[in-house]
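**Student:** fold the following and give me the result.
(chains A, B, C and D)
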There are 2 protein chains.
Amino acid sequence: MPYTVKSRKAPTVQTSAPRSPLSRARVIAEALTLADQAGLDGLSMRALAERLGVVPMALYKHVSNKEELLDTLVDAVIAEVAPGTVDGGWKAQAREQLLAARRTMLRHPWAWRAIETREAPSPAALDHMEVMIATLRTGGLSAPLVHHVMHALGSRLWGFSQEVFATGPQPTDPGIAAQAMEMMAARWPRVLESAMSTLHQQGSAVGPGCDDETEYLFAIDLILDGAERLHDAGWSPAARSDGAPLVTLQ
Amino acid sequence: MPYTVKSRKAPTVQTSAPRSPLSRARVIAEALTLADQAGLDGLSMRALAERLGVVPMALYKHVSNKEELLDTLVDAVIAEVAPGTVDGGWKAQAREQLLAARRTMLRHPWAWRAIETREAPSPAALDHMEVMIATLRTGGLSAPLVHHVMHALGSRLWGFSQEVFATGPQPTDPGIAAQAMEMMAARWPRVLESAMSTLHQQGSAVGPGCDDETEYLFAIDLILDGAERLHDAGWSPAARSDGAPLVTLQ
DNA sequence: ACCTGAACACCGTTCAAGT
DNA sequence: ACCTGAACACCGTTCAAGT
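**Tutor:** Predicted coordinates:
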């Protein structure tokens, strides 16, 4: 028995399989499920070691440090993205690829924070970009236009739109909600109007009737549609002399 | 002398003014300059306390905890955004407001990471949104359209576009760069082509000739232009029954 | 009443000592 | 040769003791 559990807490139930020797693959796999269960903050080297029934230092045999572990996890998550093939031209295909990334990210809600802090694209990330760029080029868009559109897509490439603010729990007491609404109506009337503007007709409750997914799709479509329009109009990269808009055609 | 410096390190030169009593304003101000100098990771309660010549616990008199301190710092930074008034209609005005946010964010490079982790918009954030929404509504855009466009803008509202990957230092050795390029050309040819596509003509070096600012401007313009086009075509929010695109007009 | 030293419960990582 | 206990240099925060 190469490893012994050394923990002050009562030893928990053994993890499924009989104790196999620690390996890089086992470290990565356990880190992934730990992150899925406990979030990125719950993923500490010490917690991970304990789950593997190992002293923290043992991890450093298989992973050079925590940053490298995160690099590997991000690569693994992006590699999960599995877009289908759809009819409807390059825009529909690009849309499917973006939605496939979103499906993956919904399975690993912690991943966006890890992705954001990476310093270089992993192989799986480059693969994903390669497919996306190829799709846009297939539509006939020029390389510079594609380059800009990729930047405009930003984090949506990886399946998440950088939410303006993490939407916390809303007040359930209608009295409090009404009071908050009055305050907002007085000081930020436009914000309130905008937030309320997509309420579903049949909805009785307060709160936006517009889910994250609708916003995600709208942003994708706005950008892809804008790209198509520029391409159709024969857009090419302009020398940036003044502060003139970059996409408006004169 | 109400506070005494208690530090194992040799006491450093006194900060400018003679020791004034600790106050919330002084804590906030010092936290801001510490973040500007040392980044978000350098901003710890302990480091902040030492700069103020105070024991860490003294901070908790003026700030309830670190999260509340970060809330306050984010509010202060967003409050710095000072857009000018420009001619050229609502799109030009919106553009100026976005660029003003960007100017502020370039002064406080740590801020984006703090903003991203906030759970609710601060008063200054709501003020900024209010002004932005009002500008878009002035252009005649409907409330639901504005709502979607705000989401499409995402983090650009706060002056940063979620960069795909933090661009680390590039290899300076031309041999290494060439070798890396060959590898990329073999495995990710489209990515390489896209990255190279905006190279300036006169540039002899490798690396994109396209700065962050150009990408930022392009994304803004793509989104604002798309919004104007939808508005001109009489766009209104569609019932989302199937998976059809949300912005394409039939 | 006000302030603070020591402590608690954590981090990631190093390194010498043990088997 | 392999593994690990103890330690280092940090965190944010609590709390009882000191003035």
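**Student:** please make it C-alpha for all contacts and neighbour counts, starting now.
**Tutor:** Fine.
**Student:** other SSEs contacting the helix or strand of chain A with the lowest mean pLDDT?
**Tutor:** Using mean pLDDT, DSSP states H and E, helix A:174-187 stands out as the lowest-scoring helix or strand of chain A, at a mean of 83. Counting contacts by 3 or more C-alpha pairs under 8 Å, 6 or more residues apart in numbering or on different chains; DSSP states H and E, helix A:174-187 packs against helix A:189-196.
**Student:** which residues touch the helix it packs on?
**Tutor:** A:181, A:184-185, A:207-209, B:126, B:129-130, B:133-134, B:143-144, B:146-147 (C-alpha atoms under 8 Å, 6 or more residues apart in numbering or on different chains).
**Student:** picking that back up, how far does the least confident helix or strand of chain A sit from the chain's center?
**Tutor:** Using C-alpha atoms, centre = their mean, to the nearest Å, the mean C-alpha position of helix A:174-187 is found 32 Å from that of the whole chain.
**Student:** same deal with stretch A:140-150?
**Tutor:** 22 Å.
**Student:** next one: stretch A:218-226
**Tutor:** 18 Å.
**Student:** list the buried ones in it?
**Tutor:** Buried residues in stretch A:218-226, counted by 16 or more other C-alpha atoms under 10 Å in any protein chain shown: A:218-226.
**Student:** using PDB, write down the CA coordinates of that stretch.
**Tutor:** Extracted C-alpha coordinates of stretch A:218-226, given in PDB (Å, rounded to 0.1, in the frame of the first residue of the first chain):
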ATOM      1  CA  PHE A 218     -28.400  38.100 -29.700                       C
ATOM      2  CA  ALA A 219     -24.800  39.100 -29.300                       C
ATOM      3  CA  ILE A 220     -23.600  36.300 -31.500                       C
ATOM      4  CA  ASP A 221     -26.100  37.100 -34.200                       C
ATOM      5  CA  LEU A 222     -25.400  40.800 -34.000                       C
ATOM      6  CA  ILE A 223     -21.700  40.200 -34.500                       C
ATOM      7  CA  LEU A 224     -22.000  37.500 -37.200                       C
ATOM      8  CA  ASP A 225     -24.600  39.500 -39.000                       C
ATOM      9  CA  GLY A 226     -22.400  42.700 -38.900                       C
END
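**Student:** picking that back up, in CSV, list the buried residues of stretch A:218-226 along with pLDDT.
**Tutor:** Shown next, in CSV, are these (pLDDT from 0 to 100):
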residue, pLDDT
A:Phe218, 90
A:Ala219, 91
A:Ile220, 89
A:Asp221, 91
A:Leu222, 92
A:Ile223, 92
A:Leu224, 91
A:Asp225, 90
A:Gly226, 90
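**Student:** any chance of the residues you listed in a markdown table, plus distance to DNA strand D and secondary structure?
**Tutor:** A markdown table is the format used below for the buried residues of stretch A:218-226 (distance: C-alpha to the nearest atom of the strand, whole Å; DSSP: H, G, I helix; E, B strand; the rest coil):
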| residue | distance to DNA strand D | secondary structure |
| --- | --- | --- |
| A:Phe218 | 38 | helix |
| A:Ala219 | 36 | helix |
| A:Ile220 | 38 | helix |
| A:Asp221 | 41 | helix |
| A:Leu222 | 40 | helix |
| A:Ile223 | 39 | helix |
| A:Leu224 | 42 | helix |
| A:Asp225 | 45 | helix |
| A:Gly226 | 44 | helix |
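**Student:** with those in mind, which one is nearest to A:Trp90?
**Tutor:** Using C-alpha to C-alpha, A:Leu224 is the member of the buried residues of stretch A:218-226 that lies nearest A:Trp90, at 9.6 Å.
**Student:** hang on, isn't that closest one packed against A:Gly89?
**Tutor:** No: using C-alpha atoms under 8 Å, A:Leu224 makes no contact with A:Gly89, being 11.9 Å away.
**Student:** ok, and the closest non-adjacent residue to A:Thr85?
**Tutor:** Closest residue in space to A:Thr85, ignoring its immediate chain neighbours: A:Gln93 at 6.7 Å, by C-alpha to C-alpha, 6 or more residues apart in numbering or on different chains.
**Student:** again, but for A:Ile115
**Tutor:** A:Val74 is the one closest to A:Ile115 (C-alpha to C-alpha, 6+ apart), at 6.2 Å.
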